[in-house]
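*Asks:* next comes the sequence, and after it the predicted model I'd like to discuss.
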Amino acid sequence: MNRIHCPKCKSGNVTHRSRQKYLFRSAGCLAIILLCCLVADGLRNANVDGVVIIGIFGSLFFSSLSLMFGIYYVVKGIRQKQTNYHCGNCKNAFQTGLILQHLDEEDDILRSIRKQRGSGQ
Ligand SMILES: [Zn+2]
């Protein structure tokens, strides 16, 4: 797989952002909530003891946590209008990144940048 690089600083520290990715995560949170509900429901009919109470409160805790993350990812997904990339190095957001296939090529670009900087001014 080709790595996407930042067009501004040529860093490979780039994260991909898409609506599908966020909605997929919120669906994952929903699955955790459902699982916690099943666990809590199963424990409700069991004899009440310390373990059962910890189990019920634990699943309530995890389901509310998942609900928060689920809503967060849905909002992020709605706000993410189109797929883009975000550079972790210079915080630049861009739609089309540099695709560098070989490490040699990357070195060449870095070398030419250094050359430009050295000869410029
Ligand atoms: Zn960058």
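*Replies:* Thanks, I have it.

*Asks:* how about the residues of the chain near the ion?
*Replies:* 6, 8-9, 11, 87, 89-90, 92 (CB under 5 Å from the ion). Glycine gets a C-beta too; all of them are placed from N, C-alpha and C.

*Asks:* looking at those residues, which are in strands?
*Replies:* C87 (DSSP state E).

*Asks:* among the residues of the chain next to the ion, which ones are buried?
*Replies:* Listed as buried from the residues of the chain next to the ion are 6, 87, 92; burial here means 16 or more other CB atoms under 10 Å.

*Asks:* ok, the second one - contacts?
*Replies:* Going back to what we said before, that points to C87. Contact analysis of C87 by CB atoms under 8 Å, 6 or more residues apart in numbering lists 6, 8-9, 11, 13-14, 93-94.

*Asks:* please tell me how far it sits from R25.
*Replies:* Distance, C87 to R25, by CB to CB, to the nearest Å: 21 Å.

*Asks:* would you map the strands across the protein?
*Replies:* 3-5, 14-17, 84-87, 93-94, 98-100.

*Asks:* just tell me which of the ones you listed ends up closest to V52.
*Replies:* Among these, the nearest to V52 by CB to CB is strand 14-17 (41.6 Å).

*Asks:* tally of neighbours for L65?
*Replies:* Neighbour count for L65, taken as other CB atoms under 10 Å: 14.

*Asks:* in the top helix by length along the chain, which residues are buried?
*Replies:* Secondary structure of the chain read by DSSP state H shows that its longest helix is helix 50-79. By neighbour count on 16+ other CB under 10 Å, the buried set for helix 50-79 is 52, 55-56, 59, 62-63, 66, 69-70, 73-74, 76-77.

*Asks:* now the residues you listed in CSV, with pLDDT?
*Replies:* Converted to CSV, these look like this (pLDDT from 0 to 100):
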residue, pLDDT
V52, 86
G55, 87
I56, 86
S59, 90
F62, 92
S63, 93
S66, 95
F69, 96
G70, 96
Y73, 95
V74, 94
K76, 91
G77, 92
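
*Asks:* just the closest of these to the ion, please.
*Replies:* If you rank those by distance to the ion using CB to the ion, K76 comes first, at 21.0 Å.
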